[in-house]
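Enquirer: generate a structure from the sequence data that follows.
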Amino acid sequence: MAKAKQATHGAVKRAAIYVRVSSEGQAKDKNGRNGEDEAKTSPDAQERDCRALCERQGYQVVAVFRDTAKYRVGKRLVEPSGTRADRPGLRAILAVARAGEVDVIVAWREDRLYRSYRPMLDVLDCLDETGIDIELAKETFDKRIAPVKAWAAKMELDAKADRFMMGVSGRFAKGKDWNGHTPYGCSNDNGTYRIKDDEARAVRLVWSMFGDGETLPTIRDRLIGEGAPQRNTSKHVWAVSQIYRILKRDYYWTGAIERTWDGETYQVQIPAIVDEARAARVKERFARFKSYPSGNLKAQALGAGLVRCEHCDCIMQVIRYNNGYKDYTYYRCPSKQLVGKYPRDCARSAQVGILDAEIWRKTWEFISDAERLRAEVDKQIAVLQQQKAEAEGEVERLTKELDGLAMERQWVITRTRKGSITEADMEMQLAALTFQEAALRADLTKAERLSGNRAERMRKLADDFTRDVEVGRELVELEQAAPERLTPEQVEDLFNFKHGAMREVVKRIDVQADKTPKVHIEIRLDDDDEVYQVGDGRTGWLVTDPIYAIAVTL
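Expert: Below is the predicted model:
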């Protein structure tokens, strides 16, 4: 025992109170969650009960620790679930206990401290190291059966999750929706959609007018003039964007909404509001303004399919025009064709030759600078090496823990054979050990993957990329020095090299209102997408390993 209890007989014990809710919303919800009313589960009610216990026992409350809000783990915000061992409040209260600043931890119930094996082990380790006590306002704490209670709590959570998943899947299988947005034009009767006459008339009007060639502002004026009902989802009366969304919803004529749940796709039935003839006219009109195919090289536009209007966030089309004397090629934002006029701050149009030259200048300056590329790679490798160093130590620790579990499992079986414990006790202890082993193996798998040779792979891929760039350097430099000396074959080879390089490294190009391009570069530096499973075989989910890449905006 590292630290002895600091409260001697007759001295006032120092108490730290711990409060937790399962989600940030539960802390704010005045109506309660999960079938329990607010008076039983709110943070204030928990603290009030814990303080009452301390007053009865004569404890001095020196601190209150709360896990009632989302907190950041890496780049993600997570809820303070009882299954997580990284809760800030839990870590803090265990830290002050180890520092000898408190003599007893007080919580509302045991499941406030933990609801799975990993946080339970942290709490019990703290008790063994410090000799402090745990007291509960609504239960009696017994650390001998804590592992079994943690295992039972986790099984209960898994069972609830399974029942919930099955219930939602059952609704979808019956053609009923669950917790989905009710489409405009319909009402929702317990998951079954029915036509809402006044809104359905507005939907048919929108599809008819657009199919006949009317612009969205004209349709908007017509809807306002006829007093078409609008849901409170927009700052403006019949915003053009709302009309556009109605036109892009195929379920108005197909009669089915696709919902995905637990890896399965379900068809939820919805009344068909628009007939197929009307829908065909709308689809035909949209087809005339579809995005430019990036593989088409006839227009000799490097940014075809990549160039976007930054304001309107749509792909700019490549247009060829001949005035009888000369051919002109330019990028054009399609917003005017869809809404009747160019919005303010729209890029409108830009000459292909001028814009492509600026795009290529920025791209080439970056990809041809080997030192800059190497510096960006070194930044990524520094992060990986830190992860690898931490992961290698974690692999060693987890391997030892698994070996210890195997010995403990054998010890339990041996005690049963000798008659020291009953078979029922053996089964209960083995079940707890199995649960602990599954959690450790999941952590071990993740740590082993992080301790791999990613840094070496990144360097090799960066070197390969630099060699690929060198292939076209001679032609690029010849064009810069004396473009008139290029033969037709060299001109074609140069364009193909530029086009291939752009497709390889440029993610998108945003054209601003002043025709200035923002070039978003992303160079991939990982050669495989590893997919692995987190959790046990029943409750795990698949995760795609992140692609390490250099990402810059020029």
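Enquirer: quick one, phi psi at the most centrally placed residue in the chain?
Expert: Nearest residue to the geometric centre of the chain (CA atoms, centre = their mean): R76, 7.6 Å. R76 adopts backbone torsions of phi -100, psi 150, taken as degrees, to the nearest 10.
Enquirer: who does it form a beta bridge with?
Expert: Taking DSSP bridges as the rule, R76 bridges to V73.
Enquirer: quick check: the gap between it and V552.
Expert: Look at R76 and V552: by CB to CB, to the nearest Å, they are 24 Å apart. For glycine as for every other residue, the C-beta is placed from the backbone atoms N, C-alpha and C.
Enquirer: also D514?
Expert: 21 Å.
Enquirer: more neighbours: which of the two?
Expert: Each of D514 and V552 has its neighbours counted (other CB atoms under 10 Å); V552 has more, 13 against 7.
Enquirer: hang on, the more buried one packs against I521?
Expert: Yes - with contact defined as CB atoms under 8 Å, V552 counts as touching I521 (5.0 Å).
Enquirer: mind listing the strands for the stretch 151-300 of the chain?
Expert: 186-189, 192-195, 256-261, 264-269 (DSSP state E, counting those that start in this stretch).
Enquirer: from the middle of its chain, how far away would the first one be?
Expert: Counting by CA atoms, centre = their mean, to the nearest Å, strand 186-189 is centred 30 Å from the centre of its parent chain.
Enquirer: quick one, what contacts Q60?
Expert: V12, K13, R14, A15, C54 (CB atoms under 8 Å, 6 or more residues apart in numbering).
Enquirer: same question but for A406, I mixed them up
Expert: With CB under 8 Å, 6+ apart, A406 has no contacts at all.
Enquirer: now do it, the pLDDT please.
Expert: Model confidence at A406, expressed as pLDDT, equals 79.
Enquirer: so which of the contacts of Q60 is the most crowded?
Expert: Neighbour max across the contacts of Q60 (other CB under 10 Å) = A15, 25 neighbours.
Enquirer: now do the helices in the stretch 1-150 of the chain.
Expert: Assigned by DSSP state H, counting those that start in this stretch, the stretch 1-150 of the chain shows helices spanning 24-28, 38-41, 43-57, 88-98, 110-113, 117-130, 146-173.
Enquirer: least reliable of these going by mean pLDDT?
Expert: helix 38-41 has the lowest average pLDDT among these, namely a mean of 50.
Enquirer: can you map out the helices along the stretch 151-300 of the chain?
Expert: Under the criterion DSSP H, counting those that start in this stretch, helices of the stretch 151-300 of the chain are mapped to 197-211, 216-225, 240-247, 251-254, 276-287.
Enquirer: so which of these is the most surrounded?
Expert: Across the helices of the stretch 151-300 of the chain, averaging neighbours per residue (mean count of other CB atoms under 10 Å) puts helix 251-254 on top, at a mean of 20.
Enquirer: report all helices and strands that that helix contacts.
Expert: On a contact count with 3 or more CB pairs under 8 Å, 6 or more residues apart in numbering; DSSP states H and E, helix 251-254 meets helix 276-287.
Enquirer: what is the orientation angle of the helix it packs on with helix 240-247?
Expert: Between helix 276-287 and helix 240-247, the angle comes out at 130 degrees (axes from the mean of the first three to the mean of the last three CA atoms, to 10 degrees).
Enquirer: what are the buried residues along the following helix or strand past helix 276-287?
Expert: Next helix or strand after helix 276-287 toward the C-terminus (DSSP states H and E): strand 307-309. With burial defined by 16 or more other CB atoms under 10 Å, the residues of strand 307-309 counted as buried are V307, R308, C309.
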